[in-house]
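> Have a look at this fold, sequence not included:
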């Protein structure tokens with residue numbers, strides 16, 4: 001049962017990361033009326049965020065430390081929530097942030113309390 005719970009939370013973490021990238025693209029598309037700027041932001045923001053995530057926040061990050069990883073995750077998810085808020089999707093922004101916080105707390109608490117994998 002523990003493994004199902006663990007993998008479900010890790011799967012949810014991956015889905016909210018993908019949702020964050022999609023939110024950045026959505027916000028980028030709506031940030032300007034210029035087609036060139038729209039395309040640049042729609043493609044550039046998610047790519048920039050994904051590169052930062054890969055370097056500092058991913059489980060296999062080369063440059064991540066506990067402090068830097070936390071800062072990058074808070075910035076990534078916080079800015080994604082803020083982007084939803086500025087798109088006038090206040091309820092969706094609140095739900096997104098609450099799901100992210102709950103998921104991160106569950107994953108972090110699991111790492112703190114479980115010292116061995118149950119049989």
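Here it is on my side, so go on. None of the values given here were measured: they were computed from a predicted structure. Residues are numbered from 1 along each chain as shown.

> Going by C-alpha atoms from here, please, whenever you check contacts or count neighbours.
Will do.

> Per-residue pLDDT of residue 62, please?
Residue 62 carries a pLDDT score of 87 in this model.

> does it count as helix, strand or coil?
Classification of residue 62 using DSSP: H, G, I helix; E, B strand; the rest coil returns coil.

> Identify the residue spatially nearest to it, adjacent ones excluded.
residue 55 (5.8 Å; Cα to Cα, 6 or more residues apart in numbering).

> Could you report the separation of the one you found from residue 64?
As judged by Cα to Cα, to the nearest Å, residue 55 and residue 64 stand 7 Å apart.

> Could I get the contacting residues of the residue nearest to residue 62?
61-64 (Cα atoms under 8 Å, 6 or more residues apart in numbering).

> Kindly provide the distance from it to residue 31.
Residue 55 is 26 Å from residue 31, by Cα to Cα.

> And residue 14, by the same measure?
Relative to residue 31, and taking Cα to Cα, residue 14 is found at 26 Å.

> C-terminal to the strand or helix carrying residue 16, what's the next element?
Per DSSP states H and E, residue 16 falls inside helix 2-30. In the C-terminal direction, the helix or strand that comes right after helix 2-30 (DSSP H and E) is helix 35-52.

> neighbour-wise, which of residue 14 and residue 31 wins?
residue 31 (16 against 12; other Cα atoms under 10 Å).

> Report pLDDT for the nearest residue to that one once chain neighbours are set aside.
Leaving aside its sequence neighbours, residue 31 sits nearest to residue 38 (Cα to Cα, 6+ apart; 6.8 Å). If you check residue 38, the pLDDT there is 95.

> doesn't residue 27 make contact with residue 38?
No: counting by Cα atoms under 8 Å, residue 38 sits too far from residue 27 to count as a contact (9.3 Å).

> Pull up the overlap in contacts between the two.
Contacts common to residue 38 and residue 27, judged by Cα under 8 Å, 6+ apart, are absent.
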